[in-house]
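In: what would the 3D arrangement of this be:
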Amino acid sequence: MIPSPSSANQADIPLLNHQVRPLTHLPTQKSSSHINPIIESSIKSFSEKIEDWITSISQPLKPHLNKLGRLLLVLTFLEDALRIANQFQDQNAYLTEEGFSPLLAKIFLIANITLMVTCSLLIVINKWSQFSFPGLVLVILSQAIAYDLYTDSSFICLNLSILGALMLALSDTLQPAINKRAGAGLPSLSEDHLKIRQTYLQLAGRILLVVFFISHSVFAWINVAEHLTIPHILAAFFSVLACLLVAVGFKARWSALFLVIITSIVNVMSNDWWSKPKDHPERDFRRFDFFQALSVVGGMILLINQGPGGLSFDSKQKHH
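Out: You can find the predicted model right below:
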């Protein structure tokens, strides 16, 4: 997505390089046979109760999660198309200064608006996915080149996560085809091929999705606080931990739900563009970040709805 010309050269957002280390203080051999099974049983029982509670709450919402996730995912593209249309002359002048001819700049902007609106609507109604997803990926790549944003770490991290969300949405479109082939008794080779494609899309999607949370949301959570306190540090720590759990697919639905809640809170607190006057220089920048975050939240909702996929710890535990 294109930041406004005034915000194109924003400062890079540092990445988090800390590594979570496992516990090293293990019980002695003597007590492990008595304590470990009890602890393991308690944790498993508590885990099952939480899962049942989440399931009971989410069950009425489940039929609508897919549509909600898709709508949130494309909001950043729709907002970007609207902003380009409203700032068409400014965007055209900016591209002309960057070396585009006036005609080429107009064609580029009109093509971007058309692609973003058309492909976004197709994703929401879940039609012609073979055209809509490549169309939005083309928009991301073309804007990165046209606006020289391919060296901007903030832009890269945000759009990698949106790319991950698009992959999760694309993997979801394969499920009806898999069910149709299985129900019709068609050759299993074709069905297996679709399942493999879906599995790898889900793996790549959830890994790319957490890039945003590690590089942006955690630091935004810390920056929201005027004074860094233990609760803010704990929130940042558990956010990173949840990102790692989503990436490996362990308790992925729990972790994704936690990230949705945390990101929604941080997004409203740190990107309150509606509180700024229309002529305020930060308004466009905050609105840009706000809708980017909503799109990543949409990807997380899709993950909650469909699960982490076959290449995950959750899937292996289910089959055992």
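
In: give me the distance between the two termini of stretch 273-283.
Out: End-to-end span of stretch 273-283 (Cα to Cα, to the nearest Å): 5 Å.

In: so which bits of it are buried?
Out: 273, 283 (16 or more other Cβ atoms under 10 Å). Bear in mind the C-beta positions are built from the backbone N, C-alpha and C, glycine included.

In: and it, how far out from the chain's middle?
Out: Stretch 273-283 sits 26 Å away from the centroid of its parent chain (Cα atoms, centre = their mean, to the nearest Å).

In: pLDDT of that stretch, averaged?
Out: Averaged across stretch 273-283, pLDDT comes to 89.

In: now what about that stretch, what contacts it?
Out: 6, 284, 286-287, 290 (Cβ atoms under 8 Å, 6 or more residues apart in numbering).

In: take those residues and keep only those in helices.
Out: 284, 286-287, 290 (DSSP state H).

In: closest one to residue 206 out of these, please.
Out: residue 290 (23.0 Å; Cβ to Cβ).

In: what about the closest one, how many neighbours?
Out: 19 (other Cβ atoms under 10 Å).

In: phi and psi next, for the closest residue to it other than its chain neighbours.
Out: The spatial neighbour of residue 290 that comes closest, neighbours along the chain excluded (Cβ to Cβ, 6 or more residues apart in numbering), is residue 271 at 3.9 Å. Note on residue 271: its backbone torsions stand at phi -120, psi 50 [degrees, to the nearest 10].

In: give the contact list for residue 271.
Out: Applying Cβ under 8 Å, 6+ apart, the residues near residue 271 are 286-287, 289-290, 293.

In: which one (most neighbours) among the residues you listed?
Out: residue 293 (27 neighbours).

In: isn't it up against residue 267?
Out: Yes - if you go by Cβ atoms under 8 Å, residue 293 and residue 267 touch, sitting 4.3 Å apart.

In: residue ranges with poor pLDDT in the stretch 201-320 of the chain?
Out: The model of the stretch 201-320 of the chain has pLDDT under 70 over residues 216-228, 318-320.

In: mind listing the helices for the stretch 151-300 of the chain?
Out: If you assign secondary structure with DSSP state H, counting those that start in this stretch, the helices in the stretch 151-300 of the chain sit at 153-184, 188-212, 218-224, 230-248, 252-270, 281-306.

In: now render the ones you listed as a markdown table, adding distance to residue 125.
Out: Formatted as a markdown table, the helices of the stretch 151-300 of the chain follow (distance: least, Cβ to Cβ, whole Å):
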| stretch | distance to residue 125 |
| --- | --- |
| helix 153-184 | 11 |
| helix 188-212 | 20 |
| helix 218-224 | 32 |
| helix 230-248 | 27 |
| helix 252-270 | 23 |
| helix 281-306 | 15 |
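
In: most packed of the ones you listed?
Out: Counting by mean count of other Cβ atoms under 10 Å, helix 281-306 has the highest mean neighbour count of the helices of the stretch 151-300 of the chain, with a mean of 23.

In: contacts only, for the most centrally placed residue in the chain.
Out: Residue closest to the average C-alpha location in the chain (Cα atoms, centre = their mean): residue 296, at 3.0 Å. Neighbour list for residue 296: 158, 161-162, 165, 209, 212-213, 263 [criterion: Cβ under 8 Å, 6+ apart].

In: ok, 6 Å please
Out: 161, 212 (Cβ atoms under 6 Å, 6 or more residues apart in numbering).

In: separation between it and residue 246?
Out: Residue 296 sits 12 Å away from residue 246, going by Cβ to Cβ, to the nearest Å.

In: nearest to residue 134, of the contacts of residue 271?
Out: Nearest to residue 134 among the contacts of residue 271, with distances taken as Cβ to Cβ, is residue 293, at 24.1 Å.

In: surely that closest one and residue 265 touch.
Out: No - taking contacts as Cβ atoms under 6 Å, residue 293 lies outside contact range of residue 265: 10.9 Å.

In: so where is the stretch 51-200 of the chain shaky, pLDDT-wise?
Out: Within the stretch 51-200 of the chain, the stretches with pLDDT under 70 are 51, 54, 57-58, 176-191.

In: and residue 251, how many neighbours?
Out: 21.

In: excluding sequence neighbours, find me the nearest residue to it.
Out: residue 245 (5.6 Å).

In: these two touch, right, that neighbour and residue 255?
Out: Yes - assessed by Cβ under 6 Å, residue 245 is found in contact with residue 255 at 4.1 Å.

In: which one of the contacts of residue 271 is nearest residue 114?
Out: For the contacts of residue 271, with residue 114 as the reference and Cβ to Cβ as the criterion, the closest is residue 287, at 21.8 Å.

In: can you tell me how far the closest residue to that closest one other than its chain neighbours is from residue 288?
Out: Ranked by Cβ to Cβ, 6+ apart and with sequence neighbours excluded, the top spatial neighbour of residue 287 is residue 273, at 3.9 Å. Computed as Cβ to Cβ, the residue 273 to residue 288 distance reads 8 Å.
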